[in-house]
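In: Below is the structure, and that's it, no one-letter string:
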């Protein structure tokens, strides 16, 4: 699938998640209502995600079907019935870099109050968090300290390990002996309740997931009012040639 060159019809917003993820608000038809800078970068790179006529799409058709199926899972309640508030999806990247991880959740309403003027229920929105593991190879050190009670030195080493660094590479990077690194490792494993680097990586992966959920939840209050405001103000857009074209393109989708 090729992404045609086009002006961005969605609203940009400045919501920055704690660990730098992209944040999108989309309709059930995957029409993009708002996006932060990290999300726009991911879309603009066209490495796994693209925007076609203002709609979020995966670069590969099979992945695009999986993306819509994930939205359908949220909308028909299967995720809620299974006890999960979020649906996860990984997308392979054309560049061969680490897959994007998408975490998706459904809002209870459009972010406004009450019913629409036509009496219909407000359309649900979907919040999409995009994690790029290549751009964010390790948890921020302050989170490692908070989660596991690590010292600053231990957190620096743990961040390296979580990003795939070996003890030997860490010793070289920090300019210390391997014996010093191993002493820190013993303390890290004790504090995290792990017995080796593989188990430690699994433990930090769980923290990544929890951080994504917390970040996406915290973003509701910032992202959804922006999307709802976009729905209201698009009707008041000045009718320049560009404005008329944008309104004509968006109205059929946003009114669904």
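Out: Happy to help now that I have it. What you see is a predicted model; the values in this text were computed from it and never measured.
In: Quote the end-to-end distance of stretch 8-23.
Out: 15 Å (CA to CA, to the nearest Å).
In: what does stretch 161-176 give?
Out: Using CA to CA, the two ends of stretch 161-176 sit 16 Å apart.
In: residues of it that come out buried?
Out: In terms of neighbour count (16 or more other CB atoms under 10 Å), stretch 161-176 has its buried residues at 161, 162, 165, 167, 170, 171. All C-beta spots, glycine's among them, are computed from the backbone N, C-alpha and C.
In: check contacts around the fifth one.
Out: Just to be clear, that refers to residue 170. 157, 160, 161, 181 (CB atoms under 8 Å, 6 or more residues apart in numbering).
In: go with 7 Å
Out: Under the criterion of CB atoms under 7 Å, 6 or more residues apart in numbering, the contact list for residue 170 reads 157, 160, 181.
In: Give me the subset of the residues you listed lying in helices.
Out: Counting by DSSP state H, the members of the contacts of residue 170 that fall within helices are 157, 160, 181.
In: which one among those gets closest to residue 103?
Out: Nearest to residue 103 among the ones in helices among the contacts of residue 170 is residue 160, at 24.8 Å by CB to CB.
In: Kindly provide the distance from the closest one to residue 185.
Out: When distances are taken as CB to CB, to the nearest Å, residue 160 and residue 185 turn out to be 11 Å apart.
In: what about residue 95, neighbour count?
Out: When neighbours are counted by other CB atoms under 10 Å, residue 95 registers 11.
In: Quick check: which element contains it?
Out: When elements are assigned from DSSP states H and E, residue 95 belongs to no helix and no strand.
In: Let's verify residue 32: helix, strand, or coil?
Out: With DSSP: H, G, I helix; E, B strand; the rest coil as the basis, residue 32 sits in strand.
In: related to what we said a few turns ago, nearest to residue 194, of the ones in helices among the contacts of residue 170?
Out: Checking those one by one against residue 194 (CB to CB), the nearest turns out to be residue 157, at 13.6 Å.
In: isn't the closest one right up against residue 183?
Out: No: with contacts defined as CB atoms under 7 Å, residue 157 does not count as touching residue 183, sitting 10.3 Å away.
In: more crowded one of these two?
Out: When residue 157 and residue 183 are compared for neighbours, residue 157 comes out ahead with 27 against 12, by other CB under 10 Å.
In: And the more buried one, how close does it get to residue 124?
Out: Computed as CB to CB, the residue 157 to residue 124 distance reads 43 Å.
In: Just give me the neighbour total for residue 65.
Out: 11.
In: Next one, pLDDT for it please.
Out: You'll see residue 65 listed with a pLDDT of 94.
In: what about it, helix or strand, and which?
Out: Assigned by DSSP H and E, residue 65 belongs to helix 61-75.
In: circling back: which of the buried residues of stretch 161-176 has the weakest pLDDT?
Out: residue 162 (74).
In: I'd like the distance between that one and residue 206.
Out: Distance of residue 162 to residue 206, given as CB to CB: 11 Å.
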